[in-house]
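Q: how would this look folded up:
(one chain, ligands or ions: 1)
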Amino acid sequence: MTHNFQKARDRMVETQLIPRGIHDPRVLAAMRKVPRHLFVSEALQSQAYADHPLPIGDKQTISQPYIVALMTEALQLQGTEKVLEIGTGSGYQTAVLAELADTVFSIERLPSLLHRARKTMEQLGYRNVVLRVGDGTVGWPEEAPFDAILVSAGAPQVPQPLVDQLAVGGRLIVPVGDRLSQELVLVERVPEGVRKSHLGGCRFVDLVGKWGWEE
Ligand code: SAH
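A: Coordinates of the predicted model:
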């Protein structure tokens with residue numbers, strides 16, 4: 001069966017993102033552009049634009065399109081930013097960020113997933129992405145500070161190193177809660193300290209690491 005993936009992507013934006021309030025034109029354009037089906041296995045490609053997460057191997061998932069758009073929009077990217085992402089997974093969220101920022105640094109703890117994500121990013125020609133294997137809960141101190149940080153796995157708390165690696169004026173979005181459900185927490189670093197707000201409920205796989213859950 002052949003699929004018209006561009007049409008499926010346009011429909012995803014019109015039916016899943018815009019009605020739920022995603023409105024940043026740059027975010028919507030990136031969601032229309034990035035070929036999400038190339039970040040999942042061939043067997044799942046026909047479901048790539050459906051309104052739910054999908055398995056990507058190693059018990060991990062590619063997030064629901066709406067959650068990717070919501071978290072990305074919260075970062076208010078203009079195109080000049082240095083961004084850190086924790087939990088590369090398939091690399092789909094990484095690609096969306098790469099469309100909208102200057103440079104994206106992304107950390108994944110599972111080498112097999114990172115290897116596949118690297119191949120996909122290369123195939124698609126993303127040159128402003130730097131990937132590495134490691135525990136992202138400690139951040140990437142050598143590259144700090146970051147203008148924006150996005151965590152795509154559920155944390156028991158906001159990892160303090162990530163707050164410390166945020167530039168003044170920078171924004172961090174992270175799902176925080178227990179292992180079954182979390183709240184999206186937006187942390188903005190302001191000259192006086194930090195400002196926190198909540199953007200709604202979500203469900204992510206575990207953030208595993210020093211400032212996350214135990215393995
Ligand atoms: N944004 C990804 C979502 C992947 S699921 C996508 O679009 O596909 C979350 C990922 O976070 C998993 O791949 C998991 O292995 C990874 N992860 C969990 N804890 C981590 C940690 N401490 N550091 C880096 N990656 C982590």
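Q: Which neighbouring elements make contact with the biggest helix by length in the chain?
A: Longest helix in the chain by number of residues, with DSSP state H as the criterion: helix 111-124. Applying 3 or more Cβ pairs under 8 Å, 6 or more residues apart in numbering; DSSP states H and E, one finds that helix 111-124 contacts strand 54-57, helix 92-100, strand 103-108, strand 129-133. For glycine as for every other residue, the C-beta is placed from the backbone atoms N, C-alpha and C.
Q: ok now the longest one, how far from the chain's centre?
A: Averaging C-alpha coordinates over helix 92-100 and over its chain gives two centres that are 8 Å apart (Cα atoms, centre = their mean, to the nearest Å).
Q: Going by contacts, tell me the helices and strands next to it.
A: helix 25-33, helix 65-74, strand 82-86, strand 103-108, helix 111-124, strand 129-133.
Q: Can you tell me which of these is most buried?
A: By mean neighbour count, with neighbours taken as mean count of other Cβ atoms under 10 Å, strand 82-86 ranks first of these at a mean of 27.
Q: Run through who's touching it.
A: Under the contact criterion Cβ atoms under 8 Å, 6 or more residues apart in numbering, strand 82-86 has outside partners 75, 77, 93-94, 97, 101-107, 136-137, 139-140, 143-153, 162, 165, 207.
Q: Let's verify L77: helix, strand, or coil?
A: Look at L77: counting by DSSP: H, G, I helix; E, B strand; the rest coil, its state is coil.
Q: where does it sit relative to the ligand, distance-wise?
A: Remark: distance between L77 and the ligand (Cβ to the nearest ligand atom, to the nearest Å) = 16 Å.
Q: my guess is L114 meets G134, correct?
A: No. Contact criterion Cβ atoms under 8 Å: L114 and G134 do not qualify, at 9.3 Å.
Q: Ignoring the adjacent residues along the chain, who's closest to L77?
A: L100 (4.2 Å; Cβ to Cβ, 6 or more residues apart in numbering).
Q: longest single strand anywhere in the protein?
A: strand 166-177 (DSSP state E).
Q: Neighbours of the residue lying closest to P141 once chain neighbours are set aside, how many?
A: If you skip the residues right next to it in sequence, P141 has Q165 as its closest partner in space, 6.6 Å away by Cβ to Cβ, 6+ apart. Neighbour count for Q165, taken as other Cβ atoms under 10 Å: 21.
Q: Would you enumerate the residues in contact with Q165?
A: L84, G139, W140, P141, A144, P145, F146, I149.
Q: could you flag which of those are buried?
A: For the contacts of Q165, a neighbour count by 16 or more other Cβ atoms under 10 Å gives the buried set as L84, G139, W140, A144, P145, F146, I149.
Q: Nearest to the spatial middle of the protein, which residue is it?
A: Q93 (4.0 Å; Cα atoms, centre = their mean).
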